[in-house]
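**Q** Provided below for reference: sequence and predicted model.
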Amino acid sequence: MVGRVRLATWNVNSLKARLFRVEAWLDEVQPDVVCLQETKLADGAFPSMAFQSLGYESVHHGEGRWNGVAILSRVGLEDPLFGFGPGDDDPEARLVWATCGGIRIASVYVPNGRSLDDDHYRYKLAWLAKLRTLLDQQGGASDPIVVAGDYNIAPTDDDVYDAARFVDSTHTSAPERAALADLESWGLVDTFRRLQPEPKLFSWWDYRAGDFHNHRGMRIDLVLATEPVAERARFATIDRQARKGEKPSDHAPVIIDLAD
DNA sequence: ATGGTGGCCCGGCCA
């Protein structure tokens, strides 16, 4: 076991376009474990050497043009599992697992859904149900497990700048929130929300129409953890600085610090 | 505001 652990999750919206920001951010924030989403890289193009030179082991599950997830760790990285594991029939690279610092960790990029009448919305709900099933194979609620990433779901209306604008759209629909509640009833805790009850704290803002500067965002990037991990959480923040400056992602990193 | 911006990579798709 290791002591204090700084965990983070960040949808980087192309690691190729964002590597210079990710490298600078790692140097500044000094996280121990980072879950990345939307690398948009094939496995062969993943810059594992760049991360190794900064002290991080890594695992990547990618497909090239779209999606792609990774885990970086400087507290050990063992037992990687790609997607849903052997026999996986997921056509998209949205899930990767590794054990880091004694914690079983998943980096997840939940399907967007697009619209409530779209096949991709049904894929989103089925994908979440599959994740719920897979959890049973990774351990139980009394084991240290973290499932962090871009859920493309705002858990409550407090996590959306204007809920009225998202009626009958994805990210806030009742079936999506029920799927998230299923994960929580399995034993996962929204660690950021436990430490930060203040409403209207967001992790994603549309690039368009000055949404970031006008505080029009959503909190869709979540660090869900079983109680043995959640009870160690001492500090939670969304790094809004990373959403500013040159060529930012449209998501900001979510950071959770764990005590010994 | 049925637009707006930015990633993929060059004609639209995806977010």
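**A** Here it is on my side, so go on.

**Q** the stretch 1-150 of chain A: strands as residue ranges?
**A** A:5-11, A:33-37, A:57-61, A:69-73, A:78-82, A:95-100, A:103-109, A:145-150 (DSSP state E, counting those that start in this stretch).

**Q** neighbours of the closest residue to A:Pro253 other than its chain neighbours, how many?
**A** Counting by Cβ to Cβ, 6 or more residues apart in numbering, A:Trp10 is the residue found nearest to A:Pro253 once chain neighbours are left out, at 3.9 Å. The way it works is simple: take the backbone N, C-alpha and C, and place the C-beta from them, glycine included. Residues lying near A:Trp10 (other Cβ atoms under 10 Å) number 30.

**Q** pretty sure A:Trp10 is touching A:Pro248, no?
**A** No. Assessed by Cβ atoms under 8 Å, A:Trp10 is found out of contact with A:Pro248, at 11.0 Å.

**Q** overlap in contacts of these two?
**A** Shared contacts of A:Trp10 and A:Pro248 (Cβ atoms under 8 Å, 6 or more residues apart in numbering): A:Ala242.

**Q** most packed of the strands of the stretch 1-150 of chain A?
**A** strand A:33-37 (a mean of 29; mean count of other Cβ atoms under 10 Å).

**Q** partners of it, with directions?
**A** Strand A:33-37 has the following strand partners under DSSP bridges: strand A:5-11 (parallel), strand A:69-73 (antiparallel).

**Q** which one of those strands lies closest to A:Arg232?
**A** strand A:5-11 (7.9 Å; Cβ to Cβ).

**Q** then that closest one to CSV, C-alphas only?
**A** Listed in CSV are the C-alpha atoms of strand A:5-11, where the atom choice follows Å, rounded to 0.1, in the frame of the first residue of the first chain:
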residue,chain,number,x,y,z
VAL,A,5,-2.7,9.5,-3.3
ARG,A,6,-3.8,12.3,-5.6
LEU,A,7,-6.3,10.9,-8.1
ALA,A,8,-7.5,12.8,-11.2
THR,A,9,-9.7,12.3,-14.2
TRP,A,10,-9.6,14.4,-17.4
ASN,A,11,-11.3,14.2,-20.7
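
**Q** perfect, I'm done here.
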